[in-house]
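K.L.:
Provided below for reference: sequence and predicted model.
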Amino acid sequence: MSDPVNRAKGRTETRYVDANPITAEAEEFPFRVETFIEENGLLPNGAAVLVGLSGGADSVALLTVLCKLAPRHGWTVKAAHFNHGIRGVGAEEDELFCRDLCEDRGVPCYFETGDVPAYARDNGLSIETAGRILRYEFLERMREKTGCGAIAVGHHMDDNAESILLHLVRGSGLAGLVGIKPKRDTIVRPLLGVRKQEIEDFLENEGVLHCTDETNLVPEGSRNRLRLDVLPYLEKHINPAVVPTLCGMSELLAQDEAYLSEEARKAYEAAKREDGLLRKPVDALPYPIKTRVIRMALADAGAIVDIERVHVEAVAELLKARTGVRITLPRIEVRTSYDLLKFGTPQETEPFNIPLREGMISTPAGFMRVVVVKGTEGFRKSSDVCFIDMDKMEALEGAPAIRTRRKGDRFQPVGSPGKRKLKEYLIDRKVDREKRDRIPLIACGSEVLYVAGYSASELVKVDENTEWMLKAEFIKRLSDEE
């Protein structure tokens, strides 16, 4: 992506002052936006705000009305435009329009071009989702760079109704039916209390031009079909006030959702562990709390897009499953590991086999420090350091090596009455399946002499008759710490 360019470089960052100060009677639209901002605490007096400017009617109206209101509240208004790299010449024209618009208003503006199709392809995302991710990443970077306290975007009441319906038909829970929030982190939505038609009427009355994205007029994709087909049908045949009705419902549901989310947050913090989520206490929760805890865990693990109700229900089923069961969700894998649910994509470790020798030995899993000592000086019982009787080791078949596990490996831990399969030993110790393949071993043939971090073998145990002792200490790489 190109570096942002400040098209207003050298300009004094003065606030745009309208020649005719507004009044509630003279201009209802700015007054309603101002009231919404104040009621929802979106922009305190003296704030610096960065407007996400696409050039379309919504963002142009947002920039215009914030510039009108700025003198009354001491706001500093800036703008940022992201070219998605999708629409070719049309996108370039939108960018030029935004440059001219901001230059006319004396508003500093920042620009960047991205390759949304490539990002979508590389990450297995829809174009819409990829564009949203890159756009908000750009806006947040520009917010930090310019010292703004908030990013203002142009979502309005009709957008909110579309989101509520979209979540409803996709099987969303209560959180989805709450719709778009006026404020989320650094994002504020000052136009969420007005209709699309009111925005267009305001621009017409002001004589302000804007761009039209022709892709929004094609009935393809879920949102466009809702906007162009479903909502107009509902307004004409079912309820003329369907948009404000849906948005009013979302406000009521938001209160219920806030309470349930707070209870779920407490339960999540109690069940969360560094390496996963405790299964039993989560499974015992009431279903509305349980599903919210699962959504929180998925979000913390990085699954922030394309997670639907069916995915949450599938994870809920895992809470009762046997260990080792896994499911793949969008961009994440969830699996059971004894008393835990684990989230993420397991890292595959290539098998290795390195001859055992004295010194510091590097392996893909970490380092093995090997020292040969005469007698038993320094011997101690430890799972982190292995002590091997050299004579007993040399009596075994096969050259000693540091390696990963193989089929047929057998192990007799110190104090055990007999040999058993290494796999059975690791299962009894509740070692996660993926971790089993990463544990370095010291072995002669199929006889395992040391399982790093767990135990040495009874076959090579150091005793009062030991003449030469091998000391091996495994040191994890910092990036492999769990």
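P.N.:
Noted; the coordinates are in hand. Residues are numbered from 1 along each chain as shown.

K.L.:
pLDDT below threshold where in the stretch 351-482 of the chain?
P.N.:
Along the stretch 351-482 of the chain, segments meeting pLDDT under 70 span 477-482.

K.L.:
pLDDT weak spots in the stretch 101-250 of the chain?
P.N.:
213-221.

K.L.:
just the strands in it please.
P.N.:
Ranges of strands within the stretch 101-250 of the chain are 109-113, 150-152, 183-184, 187-188, based on DSSP state E, counting those that start in this stretch.

K.L.:
Could you please name the strands the longest one pairs with and the direction of each pair?
P.N.:
So that's strand 109-113. Neighbouring strands of strand 109-113 in its sheet, by DSSP bridges, are strand 5-6 (antiparallel), strand 76-83 (parallel).

K.L.:
can you give me the helices in the stretch 101-250 of the chain?
P.N.:
Ranges of helices within the stretch 101-250 of the chain are 116-123, 127-146, 157-169, 174-177, 196-206, 222-225, 231-237, 242-271, based on DSSP state H, counting those that start in this stretch.

K.L.:
Show me the domain layout of the protein.
P.N.:
Here the domain parsing of the chain from automatic domain parsing is 5-246, 274-343, 353-480.

K.L.:
And these: which comes nearest residue 254?
P.N.:
Closest approach to residue 254 among the domains of the chain (C-beta to C-beta): domain 5-246, 4.7 Å. Every residue, glycine included, has its C-beta placed from N, CA and C.

K.L.:
Measure how far the closest one is from the centre of its chain, please.
P.N.:
Centroid displacement of domain 5-246 relative to its chain, using C-alpha atoms, centre = their mean, to the nearest Å, is 23 Å.

K.L.:
Which residue is the nearest non-sequential neighbour of residue 64?
P.N.:
Leaving out its chain neighbours, the residue that sits closest to residue 64 by C-beta to C-beta, 6 or more residues apart in numbering is residue 208, at 5.6 Å.

K.L.:
Okay, residue 157 and residue 179: tell me how far apart.
P.N.:
According to C-beta to C-beta, to the nearest Å, residue 157 stands 10 Å off from residue 179.

K.L.:
Need the helices of the stretch 101-250 of the chain in CSV (columns: mean neighbour count and distance to residue 412).
P.N.:
Output for these, formatted as CSV (neighbours: other C-beta atoms under 10 Å; distance: least, C-beta to C-beta, whole Å):
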stretch, mean neighbour count, distance to residue 412
helix 116-123, 15, 48
helix 127-146, 18, 53
helix 157-169, 20, 57
helix 174-177, 18, 53
helix 196-206, 17, 74
helix 222-225, 15, 60
helix 231-237, 13, 71
helix 242-271, 16, 37
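
K.L.:
Tabulate the ones you listed (CSV), appending distance to residue 283.
P.N.:
As requested, those are exported to CSV (distance: least, C-beta to C-beta, whole Å):
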stretch, distance to residue 283
helix 116-123, 32
helix 127-146, 31
helix 157-169, 26
helix 174-177, 20
helix 196-206, 45
helix 222-225, 33
helix 231-237, 39
helix 242-271, 10
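
K.L.:
which of the strands paired with strand 109-113 sits most buried?
P.N.:
Compared across the strands paired with strand 109-113, strand 76-83 shows the largest average neighbour count, a mean of 25 (mean count of other C-beta atoms under 10 Å).

K.L.:
May I have that one exported as PDB, CA atoms only?
P.N.:
Coordinates of the C-alpha atoms in strand 76-83 are reproduced here as PDB (Å, rounded to 0.1, in the frame of the first residue of the first chain):
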ATOM      1  CA  THR A  76     -11.300  19.900  14.800                       C
ATOM      2  CA  VAL A  77     -12.400  17.900  11.700                       C
ATOM      3  CA  LYS A  78     -10.100  15.900   9.500                       C
ATOM      4  CA  ALA A  79     -10.800  13.200   6.900                       C
ATOM      5  CA  ALA A  80      -9.300  10.000   5.500                       C
ATOM      6  CA  HIS A  81     -10.100   8.200   2.200                       C
ATOM      7  CA  PHE A  82      -9.300   4.600   1.400                       C
ATOM      8  CA  ASN A  83      -9.300   3.400  -2.200                       C
END
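
K.L.:
Pull the residues that contact that strand.
P.N.:
4, 13, 15-16, 47-55, 63, 66-67, 70, 91-92, 94-95, 98-99, 102, 107-114, 134-135, 138-139, 142, 146, 148 (C-beta atoms under 8 Å, 6 or more residues apart in numbering).

K.L.:
Report the buried members of these.
P.N.:
Buried members of the contacts of strand 76-83, counted by 16 or more other C-beta atoms under 10 Å: 4, 15-16, 47-55, 63, 66-67, 70, 91, 94-95, 98-99, 102, 107-114, 134-135, 138-139, 142, 146, 148.

K.L.:
Show me what counts as buried in stretch 467-480.
P.N.:
So, applying 16+ other C-beta under 10 Å, buried residues of stretch 467-480: 469-472, 474.

K.L.:
List just the nearest of these to residue 295.
P.N.:
Ranked by distance to residue 295 (C-beta to C-beta), these are led by residue 474 at 38.2 Å.
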